[in-house]
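>>> Sharing a model prediction with you, sequence too.
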Amino acid sequence: MEYTKLGRSGLRVSRLCLGTMNFGVDTDEKESFRIMDAAKDAGINFFDTANIYGWGDNAGRTEEIIGNWFQQGAGRREHTVIATKVYGDMHNANDGPNREAGLSAYKIRRHLEASLKRLQTDHVELYQMHHIDRSVDWSELWGAFETAAAQGKIGYVGSSNFAGWDIAVAQGEAKARGLLGLVSEQHKYNLLCRLPELEVLPAAKALGLGIIPWSPLDGGLLAGNQRRKNNGGRRSGDTKRLEKHREQLDAYAAFCDELGEPEDLVSLAWLLSNPAVTAPIIGVRTYDQFKRSLRALELKLDEASLKRIDEIFPGPGGEAPRAYAW
């Protein structure tokens, strides 16, 4: 397994991050345990989750499964860099008017305590804001995170789905308080979604954040699954996206055939080739999917291959601000 530092922190994490969003939804506890055991055996030490995973009235179930896995034997918790999130509605009537999605010192304290209880641990290595809440002052948020860190309940703070300017503001406010600030940004980034290259990736690179891409296969479109199955059983929105990108996806499939490599692994290898990327999140549903994903680490794309991929999936036009201000 390959490891790298998470942003400008001293924390070393695996180059693949195990996504757990399907645990307790499409993947039962037994299969979830099997996947996490295999991840540990493969050297993956970076697990991502969120308090809302399980969804709706079942929110929190994913964290519970991970917590139960930690209790299956010595070394599981110690081996794992666990990342969870705060922002969403946990469907808890006791939250009263504070049930609504958003951020506050109240929610950070209350939801962190609940996550720790479900995870059966006394701390998380990375606590992430699932979304930005621009209605809340950063003094309140950094104050809450600073308190949680001083109590030993969190190691580092990360963001998710932030704009480049949100990252800049957050880091500026953290610096004014003498804090390390954000160490990571979890963002949708893949061959069909390259807009983050315009602002988010340059901001993260300049301000010391590691990028953790979610949806690296864009819901399976970049794995060739929907195209080969003629989109059978998919949602109408997915059908429209498939038809919109069919020409690109067909060209990509032909290119991958030339390489002799499957589309999903090439998509992951492309992300891993970007120095701004810490670890793509592999949100697998089965053990077999997990085992297959590991080979992406062995696949190295040369300059000619990267150039061809750029031709098939053009980027947004260059890094900011040179793409539109010169």
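Sure thing, it's come through. Numbering: from 1, shown residues only.
>>> Could you give the secondary structure assignment for the closest residue to Tyr156 other than its chain neighbours?
The shortest distance from Tyr156 to any non-neighbouring residue, by Cβ to Cβ, 6 or more residues apart in numbering, is to Val183 (4.6 Å). The C-beta positions use only the backbone N, C-alpha and C, and glycine is treated the same way. Three-state call for Val183 (DSSP: H, G, I helix; E, B strand; the rest coil): strand.
>>> which residues does Ser184 bridge with?
Note on Ser184: beta-bridge partners by DSSP bridges are Gly158, Gly210.
>>> didn't it look like it was pressed against Ile212?
Yes - under the criterion of Cβ atoms under 8 Å, Ser184 makes contact with Ile212 at 5.5 Å.
>>> which of these two has more neighbours?
Ile212 (30 against 27; other Cβ atoms under 10 Å).
>>> coming back round to it: which neighbours do Ser184 and Ile212 share?
Shared contacts of Ser184 and Ile212, defined by Cβ atoms under 8 Å, 6 or more residues apart in numbering, comprise 158, 278.
>>> Between the two ends of stretch 63-81, how far is it?
When the termini of stretch 63-81 are compared using Cα to Cα, to the nearest Å, they are 14 Å apart.
>>> before we move on, the earlier item: what degree of burial does the residue nearest to Tyr156 show, as a neighbour count?
Val183: 23 neighbours (other Cβ under 10 Å).
>>> How about the one 5 residues further on?
Applying other Cβ under 10 Å, we find 16 residues neighbouring Lys188.
>>> rewinding a little: quick one: the residue nearest to Tyr156 from Leu306, how far?
Per Cβ to Cβ, to the nearest Å, Val183 is found 27 Å from Leu306.
>>> For whichever helix or strand Ala304 is part of, name the packing helices and strands.
When elements are assigned from DSSP states H and E, Ala304 belongs to helix 303-312. Applying 3 or more Cβ pairs under 8 Å, 6 or more residues apart in numbering; DSSP states H and E, we find helix 303-312 packed against helix 236-259, helix 263-272.
>>> Remind me which helix or strand the closest residue to Ala105 other than its chain neighbours belongs to.
Take Ala105 and drop its neighbours on the chain: the residue closest to it by Cβ to Cβ, 6+ apart is Ala144, 4.0 Å away. Assigned by DSSP H and E, Ala144 falls within helix 138-150.
>>> who's the closest residue to Gly283 other than its chain neighbours bridged to?
Once flanking residues are discounted, Gly283 sits nearest to Gly19: 3.4 Å by Cβ to Cβ, 6+ apart. Counting by DSSP bridges, Gly19 is bridged to Asp48.
>>> which phi and psi does the spatially closest residue to His123 that is not a sequence neighbour have?
The shortest distance from His123 to any non-neighbouring residue, by Cβ to Cβ, 6+ apart, is to Lys153 (5.3 Å). The phi/psi pair for Lys153 (degrees, to the nearest 10) reads phi -90, psi -20.
>>> so who does Lys153 touch?
So Lys153 contacts 112, 116, 122-124 (Cβ under 8 Å, 6+ apart).
>>> Is Gly255 in contact with Ile312, as I believe?
Just so we're on the same page, residue 255 is Phe rather than Gly. Yes - judged on Cβ under 8 Å, Phe255 makes contact with Ile312 at a distance of 6.5 Å.
>>> do you know how far the residue nearest to Ala251 when sequence neighbours are not counted is from Asp250?
Leaving aside its sequence neighbours, Ala251 sits nearest to Ile312 (Cβ to Cβ, 6+ apart; 5.0 Å). Between Ile312 and Asp250 the computed distance is 10 Å (Cβ to Cβ).
>>> just Phe313 next, same as before
13 Å.
>>> go on, Ala320?
Ala320 is 31 Å from Asp250, by Cβ to Cβ.
>>> Among the two, which residue is more densely surrounded?
Between Ala320 and Asp250, Ala320 has the larger neighbour count (other Cβ under 10 Å), namely 17 against 13.
>>> For this protein, which segments are assigned as strands?
3-5, 12-14, 17-19, 46-48, 81-86, 124-129, 154-160, 182-188, 210-214, 281-282 (DSSP state E).
>>> I'd like to know which of these lies nearest to Lys244.
strand 182-188 (16.7 Å; Cβ to Cβ).
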